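**Q** predicted model, plus sequence, below.
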Amino acid sequence: MMNYDVVIVGAGISGIGAAFNLQKSCPKKSFAVFEGRENIGGTWDLFKYPGIRSDSDMHTMGFRFKPWTDPKTIADGPSILKYLNEAADENNLREKIQFKTKVKTAQWDSSSATWKLGVEKGNEERLVDVTCKILYLCGGYYNYDEGYLPEFKGYDEFEGQLIHPQKWPEDLNYEDKKVVVIGSGATAVTIVPAMAEKVSKITMLQRSPTYYMSAPDQRPFDGTIKKYTSDRIGYFLIRWKNILLGRFFVSQIKKKPEKYRDMLIQGVRSQLGEGYDIDKHFTPKYKPWDQRLCFVPNGDMFQAIRKGKAEVVTDTIDKFTKDGILLDSGNKIEADIIVTATGLNMQLLNGIDITIDNQKLDIAERIQYKTMMFSDVPNLIATFGYTTASWTLGADLTSEYACKLINLMDAKGMDYFYPEAGPDVKGDGDFMDLNSGYIQRVADKLPKQGSRDPWINTQNYLKDLFQVRFKSIEDSDLKFKKAS
């Protein structure tokens, strides 16, 4: 039976960052990275749809330990995947990764302070047993096997190709085809302009509008900083410029939502002109940052609309027909290909069946602690990055904290840790303060927020950074014990 001090689950951007920090700050700990797929990269290896790109700037979405040197700050998927592979190879992390290795079950035993994992290796039918002291989950927040598909009528009637972006066929020929993209989030806004030049017609069909903001994928001031500094210093300066500006921008939007609502809508109007029906197609009913803001690099989607290469239709679907979609308004959109950019199936804890001392873990009954642990769950850390800033900023802080926690436990001569919510902590807050569909669909299955720090999901990088890097991580809610 294989035994490790730490098992990291997932070799995407979070897992690679966790492995780097563990190797650096806990050099005496044995660890392995279990990756269910065949390659490094997670999301950036899985998604293959046209134009795939980051929706955060790479100076904050990149690792603190590896400068992003590409001139584009909003990067395409292949460039990000190349960066992740370089990060793994430059730090000798690939040898720690076991591919086609998927954790299916995890059983915690307090008497031995050990996790017993049931691991699926390759195509073997039986599970292999692996033990570890600490289980570190870095597999993201959605189900890699299946994307979300609403229950529209008539799927079987459609005679064209029906595609979910999560399972994009790499050999898809869409030249001179009529394409409908259902959805208006980051994925749809990426696919529409990327396909527009080759198709005969492409329509983004949305039930309701989303907030968009155009931004250049290369920023002249960043180029000036890089010109007069080294890669590492330039990266540091641009990274902190973007962190501070991003934090200021989000805080201002939340303080003055009406002002920034008007500014964002006016920004779209300036792209599409006064004659376009902005009220219908680009004026959301919710406030900015109730859902994530979508960035449109270089305004490429608006360019496609102006050129007549793409259109936006705001309506609801009655049913699919053999040659397209019938809308509730009675209008019909013809299609050879329908892309269901309808979102993800959110999944915490990597879909692992977890038991604590023979009791099945229901994560909805737990309160999140520092957005990385859960009440009364021992020796388990789960990465969940930011939604109002780059994911990696949160993932990096989680891995820093994890290493400090492991070293503190060892210094105390203890075998396991867990957060304990006292009677003054009320677990009645939503895990995330967003009303996005993929979150609301599973709101009753998510952990709760508490009523005070450190049980609140702050979404505040500067506050979290100070807490992790400059203060003691000990508090009265963090408990340590020896095996019984």
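**A** On my side now, so go ahead. Residues are numbered from 1 along each chain as shown.

**Q** drop to CA atoms for contacts and neighbour counts, all remaining ones
**A** Noted.

**Q** Trp168 touches Leu46, doesn't it?
**A** No: Trp168 lies out of contact with Leu46 (C-alpha atoms under 8 Å); the separation is 9.2 Å.

**Q** the more surrounded of those two?
**A** Neighbour comparison, Trp168 and Leu46: the larger count goes to Leu46, with 18 against 15 (by other C-alpha atoms under 10 Å).

**Q** against Glu125, how distant is the more buried one?
**A** 24 Å (C-alpha to C-alpha, to the nearest Å).

**Q** one more: Gly183?
**A** Distance, Gly183 to Glu125, using C-alpha to C-alpha: 38 Å.

**Q** neighbour count for those two, which is higher?
**A** In terms of neighbours (other C-alpha under 10 Å), Gly183 is the more surrounded of Gly183 and Glu125; the figures are 22 against 8.

**Q** give the contact list for the more buried one.
**A** Applying C-alpha atoms under 8 Å, 6 or more residues apart in numbering, we find Gly183 in contact with 204-207, 340-342.

**Q** how about it, phi and psi?
**A** Per-residue torsions, Gly183: phi 130, psi 160 (degrees, to the nearest 10).

**Q** ok, back up a step: can you tell me which of the contacts of Gly183 are in strands?
**A** Judged by DSSP state E, strands contain the following of those: 204-206, 340.

**Q** what number of residues lie near Tyr416?
**A** Residues near Tyr416, counting by other C-alpha under 10 Å: 22.

**Q** so who does it touch?
**A** Counting by C-alpha under 8 Å, 6+ apart, Tyr416 touches 113, 133, 378-379, 409, 480-483.

**Q** beta partners of it?
**A** Lys481 (DSSP bridges).

**Q** ok, back up a step: and which of the ones in strands among the contacts of Gly183 is nearest Phe302?
**A** If you rank the ones in strands among the contacts of Gly183 by distance to Phe302 using C-alpha to C-alpha, Met204 comes first, at 11.9 Å.

**Q** identify all contacting residues around the one helix or strand in the chain whose mean pLDDT sits lowest.
**A** Using mean pLDDT, DSSP states H and E, the weakest-scoring helix or strand in the chain turns out to be helix 437-440, at a mean of 72. Contact with helix 437-440 is made by 343-346, 432, as judged by C-alpha under 8 Å, 6+ apart.

**Q** now stretch 157-176: how far from the chain's centre is it?
**A** For stretch 157-176, the separation from the chain centroid amounts to 24 Å (computed by C-alpha atoms, centre = their mean, to the nearest Å).

**Q** show me what counts as buried in stretch 265-272.
**A** 265-266, 268-269, 271-272 (16 or more other C-alpha atoms under 10 Å).

**Q** make JSON lines out of the residues you listed and add secondary structure, pLDDT and distance to Ile278.
**A** Below are the buried residues of stretch 265-272 laid out as JSON lines (DSSP: H, G, I helix; E, B strand; the rest coil; pLDDT from 0 to 100; distance: C-alpha to C-alpha, whole Å):
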{"residue": "Ile265", "secondary structure": "helix", "pLDDT": "96", "distance to Ile278": "8"}
{"residue": "Gln266", "secondary structure": "helix", "pLDDT": "96", "distance to Ile278": "9"}
{"residue": "Val268", "secondary structure": "helix", "pLDDT": "96", "distance to Ile278": "8"}
{"residue": "Arg269", "secondary structure": "helix", "pLDDT": "96", "distance to Ile278": "7"}
{"residue": "Gln271", "secondary structure": "helix", "pLDDT": "96", "distance to Ile278": "11"}
{"residue": "Leu272", "secondary structure": "helix", "pLDDT": "96", "distance to Ile278": "8"}
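
**Q** those into a markdown table, with extra columns for distance to Phe384?
**A** Shown next, in a markdown table, are the buried residues of stretch 265-272 (distance: C-alpha to C-alpha, whole Å):
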| residue | distance to Phe384 |
| --- | --- |
| Ile265 | 30 |
| Gln266 | 33 |
| Val268 | 31 |
| Arg269 | 35 |
| Gln271 | 35 |
| Leu272 | 36 |
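
**Q** which neighbouring elements make contact with the longest helix anywhere in the chain?
**A** What stands out as the longest helix in the chain, according to DSSP state H, is helix 231-255. Under the contact definition 3 or more C-alpha pairs under 8 Å, 6 or more residues apart in numbering; DSSP states H and E, helix 231-255 sits against helix 58-61, helix 220-227.
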